[in-house]
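S.K.: Output the structure for:
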Amino acid sequence: MSRLLKPVLTGSARSSQTVRASGRTAAMSVALLTLAMWVILAGYCLYVMLLLDVALPGRSGETLAGLAAMAGVLVIGHAYVLQTRRQALAALAAACDAAGERLNHIEQDALREALLRGGAAAFVDAAAIPLVIGGLALIGGWIAAIPLVGAVLGLAILSIEANAVRRFGRLDVARRTRDGAALIVSTNRRHLGQLGLYERAMAVASSHRRTVALSDAETAAAEGRALGAINLLAGFSLAGSAAAATSIVASDAASIGGLAVTLLMTCLVFQPLRRLAAHLPTLMFAAPEWKVLLAAEAEPNAATAMVALPRPARELDVSGLTVPVAGTRRLTLQDVTFNATAGDVVAVIGPAAGGKSTLLEALVGQIPNASGDVRLDGAALNQWDRAALRQHVGYLPQLPGLLRGTVAQNISGFGSEPGEAIIRAAQVAGVHDDIVRLPDGYDTMIAEPGALPLALSLQQRIAWARALFGEPFLVLLDNPASFQDNDGHLALRRCLARLRARGAVTIVTGDAASIIDSASHVLVLRHGGVLEFGTTEEVRGKMVERQRREAERLASVSVFAEPRETLADAPLVE
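M.R.: Residues are numbered from 1 along each chain as shown. Model (predicted):
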């Protein structure tokens, strides 16, 4: 492994300055090594000229031995430069990967392939074509015009075929779509059959396969056309250059060595063009990724190192939390304000589509366009990096969303934490006994084709354990009772009681009795705003009084009056 790679592959959690420095070092190395390679190619031309114009007429063994030594040095040097340049390109690819990971995980598969598989090297070598043509002009000015015209036509053909490849779309995206459709069919075969959708899903997967096959064929055809045209131009240019050089040699304006060098340099003109044609699709899709990476690197970035704050342990304070609907002026949440201290269990209730799930997503920091303040022990969420925030905030979405892996991996978030922490989270969630009854216990594979199907209630309780893993201070549970039977509701009561006892702040949506009875506070959302907030008894009293007044108002209205919308949109806290 070259020393060029070592500073780049030491890890992805490095500063932006280190990443940029590594990228610049690798790029400069590629440029210098490419220059050295073309100097060696010029040495090949000199070797051929000396061999034909000096060694052959002189019949000197010493000259031949010296030229043989020269050839050996050139070949060894050429091999070393090529290998070192490959390593420098690999170092540049690693630097781009590190930068892309730091800059919100920018996708750059095509860029990496171009750097590692020769596309970028061909592009860099093509930049030296004018130098080769300039060398031909030294032999005979009009001789250089023949490969010059061929190279210009070749670049024009490559440009035309590149536009054709761009129209076909990215093959890697099409392949991922095809693989995703196939995975859905294979994973959900039984459910699709029960719904009568298996044949339709298979038709969709087949359509994606045909799209990939068509794109593959069209891309291969474009590559073939470009490569064939370049080879044709190279053949005509080589024949023309040979004829022109022969005429110059016949008129004693150049030597036989000049003829051989002319042919060699003409081949060198078209060699990078052939490689460009072979890597055309990769280069076409690598170019925009390179531009995105440069644009992202040019933007000012905040310092990545953040001061490690102490673990929150006192309160959650939400002030003026507002979430707009993307692309509209409507608000999903409007000026939501409340406070919860350690040990509080806040039940969030209200009508459907009232913003309950959006509130939890905003509290976990997953809505970038949210405004207002969400603070843990006085510190805003953006004062923690993502890894630290994951330790302090546990989140359960409406659907379990278990990933392919073992039960233990799903609970721990695919981390390397010891099994005791996993078991402790499962016990708090009340799912430990159910897990150990599985065929392989915590090592049972789930969410993969052929895996043991789990009941939704069990999946949801495994997701409870995932939200509770690591004993986070803020626990957000979105409708955790939706798939539960009586045993599940009992487990939820015990879970909320344990969270309350250890001093966590728990925000839970839903109006099931197991939630309301366990709650210390109730937050009533209506049309995205806070209708009521207080202790369970306070809110219960206010809601009863509100319904009593509404009943009196309706009783005083004539039966012939126009009906009016009632205010009892929120469920009664019983």
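
S.K.: Show me the shaky parts of the chain.
M.R.: Residues of the chain that meet the criterion pLDDT under 70 lie in 1-20, 22, 102-107, 168-173, 191, 296-305, 327, 417, 449-450, 557-574.

S.K.: Strands of the stretch 351-500 of the chain, residue ranges please.
M.R.: Listed in chain order, the strands found in the stretch 351-500 of the chain under DSSP state E, counting those that start in this stretch are 371-376, 379-380, 393-396, 405-406, 445-446, 474-477.

S.K.: between the ones you listed, which one is nearest to G61?
M.R.: Among the strands of the stretch 351-500 of the chain, strand 405-406 comes nearest to G61, with 71.4 Å by CB to CB. Using the backbone N, CA and C atoms, a C-beta is placed for each residue, glycine as well.

S.K.: Touching, A491 and S457? I think so.
M.R.: No - checked against CB atoms under 8 Å, the pair A491 and S457 is beyond contact range at 9.6 Å.

S.K.: Tell me which of those two has more neighbours.
M.R.: A491 (24 against 19; other CB atoms under 10 Å).

S.K.: For that one, which non-adjacent residue is spatially closest?
M.R.: Counting by CB to CB, 6 or more residues apart in numbering, A491 lies nearest to G430, which is 3.2 Å off, once chain neighbours are set aside.

S.K.: same question, A27
M.R.: Closest to A27 by CB to CB, 6+ apart is L92, at 5.9 Å.

S.K.: again with N382
M.R.: G365 (7.7 Å).

S.K.: For that neighbour, list the residues it contacts.
M.R.: Residues near G365 by CB atoms under 8 Å, 6 or more residues apart in numbering: V374, L381, N382, L389, V393.

S.K.: Let me see the contact set for the last one.
M.R.: Under the criterion of CB under 8 Å, 6+ apart, the contact partners of V393 comprise L363, V364, G365, P472, F473, L474, V475, L476.

S.K.: number of nearby residues for G118?
M.R.: 17.

S.K.: show me the contacts for it.
M.R.: Counted by CB under 8 Å, 6+ apart, G118 has contacts R275, H279.

S.K.: Need phi/psi at it.
M.R.: Dihedral pair for G118: phi 100, psi -10, per degrees, to the nearest 10.

S.K.: now it: how far from H279?
M.R.: 6 Å (CB to CB, to the nearest Å).

S.K.: same check, this time on L402
M.R.: For L402, the distance to H279 - CB to CB - is 41 Å.

S.K.: Equivalent analysis for R375, please.
M.R.: Counting by CB to CB, the gap from R375 to H279 is 52 Å.

S.K.: Among those two, which residue is more densely surrounded?
M.R.: Taking other CB under 10 Å, R375 and H279 do not tie; H279 has more neighbours (20 against 16).

S.K.: OK, contacts around that one?
M.R.: Contacts of H279 by CB under 8 Å, 6+ apart are A114, R117, G118, G119, A122.

S.K.: Of the residues you listed, which is the nearest to G140?
M.R.: A122 (28.0 Å).

S.K.: Which stretches in the chain count as strands?
M.R.: Using DSSP state E, the strands of the chain run over residues 315-324, 331-341, 345-349, 371-376, 379-380, 393-396, 405-406, 445-446, 474-477, 505-509, 521-526, 529-535.

S.K.: Select, out of these, the one closest to I230.
M.R.: strand 405-406 (48.1 Å).

S.K.: Now do the contacts for L214.
M.R.: Per CB under 8 Å, 6+ apart, neighbours of L214: none.

S.K.: quick one: it and L294, what's the gap?
M.R.: For L214 relative to L294 (CB to CB), the value is 33 Å.

S.K.: my guess is R466 contacts G413, does it?
M.R.: Yes - counting by CB under 8 Å, G413 is a contact partner of R466 at 6.7 Å.

S.K.: More neighbours: those two, which one.
M.R.: Counted by other CB under 10 Å, R466 and G413 do not tie: R466 has more neighbours, with 26 against 12.

S.K.: which stretches of the stretch 151-300 of the chain form helices?
M.R.: 171-187, 189-195, 198-250, 256-278, 280-298 (DSSP state H, counting those that start in this stretch).

S.K.: which of those sits most buried?
M.R.: helix 256-278 (a mean of 21; mean count of other CB atoms under 10 Å).

S.K.: and the angle for that one with helix 280-298?
M.R.: 70 degrees (axes from the mean of the first three to the mean of the last three CA atoms, to 10 degrees).

S.K.: Now do helix 256-278: distance to the chain's middle.
M.R.: In terms of CA atoms, centre = their mean, to the nearest Å, the centre of helix 256-278 is set 41 Å apart from its chain centre.

S.K.: What is it packed up against?
M.R.: helix 16-50, helix 119-126, helix 129-139, helix 141-168, helix 198-250 (3 or more CB pairs under 8 Å, 6 or more residues apart in numbering; DSSP states H and E).

S.K.: Now the fourth one: buried residues?
M.R.: I take that to be helix 141-168. Residues 143-148, 150-151, 153-154, 157-158, 161-162, 164-166, 168 are the ones in helix 141-168 that count as buried (16 or more other CB atoms under 10 Å).

S.K.: Much appreciated, bye for now.
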